[in-house]
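quick one: sequence and predicted model below, then my questions.
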Amino acid sequence: LCVETKSTLNDVSSYACPVWGSGDAELRICRLGGTFRLYKRAIGASTWTLSTTYNRTLPNTLQVGPIAYGVLNYDLIANFDFIHFGGVSNVAGCTADP
């Protein structure tokens, strides 16, 4: 089991899949300008762990949402308890709970 992070540039994807002890996690993406910080934590934990950071030149407005997919012959069931969109003004806001 892992929490995958993926980046695609010019139709070429690269990913990391560090070991994660469960099929459950809380995930957070925090965008400040062109920097995206991806965080993860165990369900019920109070501390966020930075998974990776990506820098992109993108427009100010994006369409975003959750996604889950499988490859080959795997069965996949994905559940999203909720998704929250909010604004931050600094890096500290990335790990503050709303």
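Now that the structure is in, tell me what you want to look at.

just the strands in this structure please.
Secondary structure of the chain by DSSP state E: the strands cover 5-9, 12-16, 26-32, 35-41, 49-55.

got the angle between the least confident helix or strand in the chain by mean pLDDT and strand 26-32?
Among the helices and strands of the chain, strand 5-9 carries the lowest confidence by mean pLDDT, DSSP states H and E, at a mean of 88. Between strand 5-9 and strand 26-32, the angle comes out at 40 degrees (axes from the mean of the first three to the mean of the last three CA atoms, to 10 degrees).

what sits up against strand 5-9?
13-17, 38, 51-52, 54 (CB atoms under 8 Å, 6 or more residues apart in numbering). From N, CA and C alone the C-beta is placed, and that goes for glycine too.

right, and the strands of the chain - which one's nearest A78?
When the strands of the chain are compared by CB to CB, strand 26-32 sits nearest A78, at 11.9 Å.

residues making contact with the closest one?
Applying CB under 8 Å, 6+ apart, the contact partners of strand 26-32 are 3, 36-43, 45, 48, 64, 88, 90-91, 93-95.
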